[in-house]
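A.B. asks: dropping a prediction and its sequence here:
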Amino acid sequence: MIPSIEWLEEEKKVKMIDQTILPHELKFLEFGDYRDVANSITVMNIRGAPAIGAAAAMGMALATIEYKELPKDKFLEKMDEAADYMKAARPTASNLFWAVNRIMKIVKNSSGTPPEISEEVIEEAQLVAQEDVNVNKSLGKHGAKILDDGDTVLTHCNAGSLATVQYGTALAPVRAAIEQGKNISVIADETRPRLQGARLTAYECQYDNIPVNVIADNSAGLLMRLGKIDKVIVGTDRVSSDAVFNKIGTYHVALAAKDNDIPFYVACPTSTLSLEDTVDDVEIEQRDPSEVGRILGKVQAVPEGVKCLNYAFDITPFRLVTGIITEDGIFTPEEMLKKYKQ
Ligand code: MRU
């Protein structure tokens, strides 16, 4: 796959795929202002926890460029403002906060001048992106071990290459297993209301010759019962000390998997861990209700005037999770807490 986001060093710009118009058009956007990058996260030109993290880091690099001629105290003040602005782009994915905090640590700890700090931050933002690809490849290598030749993997939303800088999280084990010569196919939940499964997972699977079938969100339970799904692998926006936050609908998939004795795995780079949080600390994003009532902004499916609720993420308790796949290996939730919780 083409990287979903990259830093253009000569132009000092951020380039990203506009995911709102896939699969109809592969178009790239370029931004030179951190506010536009924050907005691209809010309106979901770029989405998926790790891709949001990379975008935020690059956006912060743009902020350093904008403010680097200011005296250092003013520069630091403006960078604090930029950090708050960036963090307000979306509330649930840990990677956004993780990436902004990582950049701000450099801004605050550096003894350099603002232009020197800007250079450091630009390098760090590129490192965030590069690390993401490496982490996803490791995660894929570990995750491929759970996949047997001939397996069909159900996934929800898009936790593939498009949701990361490249290679994906939930789709990384699938990609790695296929690279090892195993026959693996994917079933993608369509993922109402924004159809990330139907539009994006299907697009990238087709692009990379990964066999895929798209199903309506309400079909997964039946397909499990019919023996057509061997494993479930989903991505995550945040893992707290007691649950997995992922695209709305994930919880139902996990319940159905439990009831049908199908392993349910969560692919989670350590940048998505937020183990100091419990479920009560995490804000579940609520998006514009019209995303539910008006399909892809085009077809009014709900009578005019009827209200809709549009929660973007749900909460899957650890008791429904077979394993959490990180770049370091595969862990039960208990093992994961033991390894990563300070
Ligand atoms: O609202 P989105 O499209 O940003 O939601 C994305 C997901 O829920 C993904 O599963 C998650 O971010 C993991 S991405 C590797």
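C.D. replies: Now that the structure is in, tell me what you want to look at.
A.B. asks: run through the helices of the stretch 201-342 of the chain in chain order.
C.D. replies: 202-207, 220-225, 250-259, 290-293, 333-340 (DSSP state H, counting those that start in this stretch).
A.B. asks: among these, which comes closest to Val128?
C.D. replies: Nearest to Val128 among the helices of the stretch 201-342 of the chain is helix 333-340 (19.0 Å), distances taken as C-beta to C-beta. The way it works is simple: take the backbone N, C-alpha and C, and place the C-beta from them, glycine included.
A.B. asks: partners of Val214 in the sheet?
C.D. replies: With DSSP bridges applied, Val214 shows beta-bridge pairing to Ala188.
A.B. asks: and Asp217, what does it touch?
C.D. replies: Asp217 is in contact with Asp189, Glu190, Thr191, Arg192, Gly249, counting by C-beta atoms under 8 Å, 6 or more residues apart in numbering.
A.B. asks: so which residues on the stretch 51-200 of the chain come close to the ligand?
C.D. replies: By the rule C-beta under 6 Å from any ligand atom, the part of the stretch 51-200 of the chain lying against the ligand is Ala93, Cys157, Ala159, Ala163, Thr164, Thr169, Gln196.
A.B. asks: in helices, which of those appear?
C.D. replies: Among those, DSSP state H puts none in helices.
A.B. asks: make a markdown table out of the residues you listed and add pLDDT and neighbour count.
C.D. replies: Below are those laid out as a markdown table (pLDDT from 0 to 100; neighbours: other C-beta atoms under 10 Å):
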| residue | pLDDT | neighbour count |
| --- | --- | --- |
| Ala93 | 96 | 30 |
| Cys157 | 98 | 30 |
| Ala159 | 98 | 32 |
| Ala163 | 98 | 30 |
| Thr164 | 98 | 34 |
| Thr169 | 98 | 32 |
| Gln196 | 98 | 28 |
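A.B. asks: tell me which residue in the chain sits closest to the ligand.
C.D. replies: As assessed by C-beta to the nearest ligand atom, the ligand sits closest to Gly235 within the chain, at 2.8 Å.
A.B. asks: so what's the backbone phi/psi at that residue?
C.D. replies: Main-chain torsions, Gly235, degrees, to the nearest 10: phi -90, psi -170.
A.B. asks: which parts of stretch 196-207 are buried?
C.D. replies: Gln196, Gly197, Ala198, Arg199, Leu200, Thr201, Ala202, Tyr203, Glu204, Cys205, Tyr207 (16 or more other C-beta atoms under 10 Å).
A.B. asks: what does stretch 26-35 give?
C.D. replies: Neighbour counts over stretch 26-35 (16+ other C-beta under 10 Å) mark Leu29, Phe31, Tyr34, Arg35 as buried.
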